[in-house]
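Undergrad: I'll drop the sequence and a predicted model, then ask my questions.
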Amino acid sequence: VRLVQRMSASGAWMLPAFSAFGDSVPLVRTPGRNYTASPASLLGMLRDLGLDQPAAMYDQLRRRRLSLDDLPPPRVRTAVLAGVGLRTERSFEYARPFSRGFGDPPDGVEYGDGDGSVNAESARVPQERWPADGTHNY
């Protein structure tokens, strides 16, 4: 997790979408625990890292059904822009378990397609969830 994302509540918006990965694909692996894109797992990861502000924001977004997975299609003409073609982090492996203040770089990184920040799987979520009815362009 990048420093600015660890220190800012807005980092909750950068977490992977559950509908893109489900709960069977480990996105972060540590010796004692694997973390998936499930809301409970992501919240657990934030709490294990001691990231109280992003954890609280993520939990509130989830409870209020305001995460990317919960949002209905906008009722206005919408264009969704997503970059692709750049090597983008997809999953991480760490040699030590997470704890408050953890800041080690990953020991292993799996890369995939994306824009350098958001992986292509998450960027495609609106296209896969919202109807192609002429009001949403991808």
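TA: Structure received.
Undergrad: going forward, measure contacts between C-alpha atoms and count neighbours the same way
TA: OK.
Undergrad: Tell me the gap between the longest helix along the chain and the middle of its chain.
TA: Ranked by residue count under DSSP state H, the longest helix found in the chain is helix 52-63. Centroid separation for helix 52-63 versus its chain: 13 Å, with CA atoms, centre = their mean, to the nearest Å.
Undergrad: what's that helix packed up against?
TA: Helices and strands touching helix 52-63, by 3 or more CA pairs under 8 Å, 6 or more residues apart in numbering; DSSP states H and E, are helix 39-48.
Undergrad: what angle do the helix it packs on and helix 52-63 make?
TA: Using axes from the mean of the first three to the mean of the last three CA atoms, to 10 degrees, the direction of helix 39-48 lies 160 degrees away from that of helix 52-63.
Undergrad: Outside of helix 39-48 itself, list whatever touches it.
TA: Contact with helix 39-48 is made by 15, 18, 35-36, 52, 54-55, 58-59, 62, 98-100, as judged by CA atoms under 8 Å, 6 or more residues apart in numbering.
Undergrad: rerun that using 7 Å as the cut-off
TA: With contact meaning CA atoms under 7 Å, 6 or more residues apart in numbering, helix 39-48 is reached by 35-36, 55, 59, 98-100.
Undergrad: Using PDB, list the CA coordinates for it.
TA: What follows is helix 39-48 as a C-alpha-only set of coordinates in PDB (Å, rounded to 0.1, in the frame of the first residue of the first chain):
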ATOM      1  CA  PRO A  39     -15.300  -6.600   2.400                       C
ATOM      2  CA  ALA A  40     -14.600  -8.500   5.700                       C
ATOM      3  CA  SER A  41     -11.100  -9.400   4.500                       C
ATOM      4  CA  LEU A  42     -10.200  -5.900   3.400                       C
ATOM      5  CA  LEU A  43     -11.500  -4.400   6.600                       C
ATOM      6  CA  GLY A  44      -9.500  -6.900   8.500                       C
ATOM      7  CA  MET A  45      -6.300  -6.000   6.600                       C
ATOM      8  CA  LEU A  46      -6.800  -2.300   7.300                       C
ATOM      9  CA  ARG A  47      -7.300  -3.000  11.000                       C
ATOM     10  CA  ASP A  48      -4.400  -5.400  11.100                       C
END
